[in-house]
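**Student:** my questions concern the predicted model and sequence given below.
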Protein chains: 2
Amino acid sequence: MSVDAPFPLAAACCAPLVGRPLTAGEATDLSRVLKAIADPARLRLLSLVAAHAGGEACVCDLTEPLGLSQPTVSHHLKVLVDAGLLSRDKRGVWAYYALVPGALDALAGVLTTAGTADGALPSSAC
Amino acid sequence: MSVDAPFPLAAACCAPLVGRPLTAGEATDLSRVLKAIADPARLRLLSLVAAHAGGEACVCDLTEPLGLSQPTVSHHLKVLVDAGLLSRDKRGVWAYYALVPGALDALAGVLTTAGTADGALPSSAC
DNA sequence: CCGGCGCATCGACGTCCGTCAATCTCGTTG
DNA sequence: CAACGAGATTGACGGACGTCGATGCGCCGG
């Protein structure tokens, strides 16, 4: 029951954080996604998945580089999936995780102080 | 004693998160800055300071919009200053907080999956 | 059909975090 | 010099979070 909003990033998107004060709801939604990546283990998981061959990796490929137990890695992966940053694809016995295209870029766009007036975000963000 | 690294963003900078696996130290440094903004109250503080006239605001301007007590607001501001995202300028009795230029953009650059190959970060990031 | 393997879930424990009331410091003002 | 006000610090409390061992669930090979 640790997840109530399946994709809070969608609500946090298009809220530039700089330029106008965030409402309490916008801040809560955005903080939900930021909390998902504000952890060393989950940051390393994201980079490990992104750097893996084919852009996807299974749990067994991630436990050893992190030095964490398999249930802990599975828990962190679930947090990232619930935040809309990773996708899960179960093929046979293995579960392959991959980056959701545009998710991290949308987050970066929210933090950018340039005001989204330049070409930093082509079309995948909103 | 809650702060040991005065500017962990400097170490986390130029670590793209995507493209090569993060080391444990890089992930810890980056998570330190992300934890600073992964809070609804601190996100609203950042947007309130940025949207305030002159780009700076004192504590008395921030307690009422947030609905939090003065010590709590002061605590959150200290966290943001320690993370290198806000600057504190005490003039007389009042303490004025302002955004550190380029800090949020550097964070956004770390999250961007484009590989810093485009013109998203002009020159202030690294 | 059954044993093994990959992964998710559950329950528990220790720690960290957000919040507040109370207090302290220190410029400003009368 | 004394009183006031803005802000920082302290101590304490409740809840959330990260981690693990044990267990449950599906899929595959013998």
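**Tutor:** Received, thanks. Residues are numbered from 1 along each chain as shown, chains lettered A, B, ... in the order given.
**Student:** in chain A, which spans are helices?
**Tutor:** A:8-12, A:24-37, A:40-51, A:63-66, A:70-82, A:103-111 (DSSP state H).
**Student:** can you add mean pLDDT and give those back as a markdown table?
**Tutor:** Formatted as a markdown table, the helices of chain A follow (pLDDT from 0 to 100):
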| stretch | mean pLDDT |
| --- | --- |
| helix A:8-12 | 51 |
| helix A:24-37 | 96 |
| helix A:40-51 | 97 |
| helix A:63-66 | 96 |
| helix A:70-82 | 98 |
| helix A:103-111 | 94 |
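**Student:** out of those helices, the one nearest DNA strand C is which?
**Tutor:** Nearest to DNA strand C, of all these, is helix A:70-82, at 2.9 Å by Cβ to the nearest atom of the strand. Any C-beta I mention is one placed from the backbone N, CA and C, and that applies to glycine too.
**Student:** say whether DNA strand D is contacted by the closest one.
**Tutor:** Yes: on the criterion Cβ under 7 Å from any atom of the strand, helix A:70-82 is in touch with DNA strand D at A:71, A:72, A:75, A:76, A:79.
**Student:** now the spatially most central residue of chain A. Nearest residue, chain neighbours left out?
**Tutor:** Central residue of chain A (Cα atoms, centre = their mean): residue A:85, 2.8 Å from the mean position. Excluding its sequence neighbours, the residue lying closest to residue A:85 (Cβ to Cβ, 6 or more residues apart in numbering or on different chains) is residue A:103, at 4.9 Å.
**Student:** my guess is the one you found meets residue A:87, correct?
**Tutor:** No: taking Cβ atoms under 8 Å as the contact criterion, residue A:103 and residue A:87 are not neighbours in contact, 9.3 Å apart.
**Student:** hmm, back to that, near DNA strand C, from the residues of helix A:70-82 next to DNA strand D?
**Tutor:** Contacts with DNA strand C within the residues of helix A:70-82 next to DNA strand D, as defined by Cβ under 7 Å from any atom of the strand: A:71, A:75.
**Student:** drop anything exposed from the residues of helix A:70-82 next to DNA strand D.
**Tutor:** Buried residues within the residues of helix A:70-82 next to DNA strand D, counting neighbours by 16 or more other Cβ atoms under 10 Å in any protein chain shown: A:76, A:79.
**Student:** which one of the residues of helix A:70-82 next to DNA strand D is nearest to residue B:31?
**Tutor:** Set against residue B:31, the nearest of the residues of helix A:70-82 next to DNA strand D by Cβ to Cβ is residue A:76 (12.2 Å).
**Student:** residues contacting that closest one?
**Tutor:** Applying Cβ atoms under 8 Å, 6 or more residues apart in numbering or on different chains to residue A:76 gives the contacts A:39, A:41, A:42, A:45, A:68.
**Student:** verify the stated contact: the second one with residue A:67.
**Tutor:** No: with contact defined as Cβ under 8 Å, residue A:41 does not reach residue A:67; the gap is 9.3 Å.
**Student:** which one's more surrounded, the two?
**Tutor:** Using other Cβ atoms under 10 Å in any protein chain shown as the criterion, residue A:41 and residue A:67 rank with residue A:41 on top: 20 against 11.
**Student:** give the contact list for that one.
**Tutor:** A:66, A:68, A:72, A:73, A:76, B:27.
**Student:** can you list the residues of chain A near chain B?
**Tutor:** With Cβ under 8 Å from any Cβ of the partner chain as the criterion, chain A comes near chain B at residues A:17-22, A:24, A:27-28, A:30-31, A:34-35, A:37-41, A:43-44, A:46-48, A:50-51, A:65, A:99, A:104-105, A:107-109, A:111-114, A:118-120.
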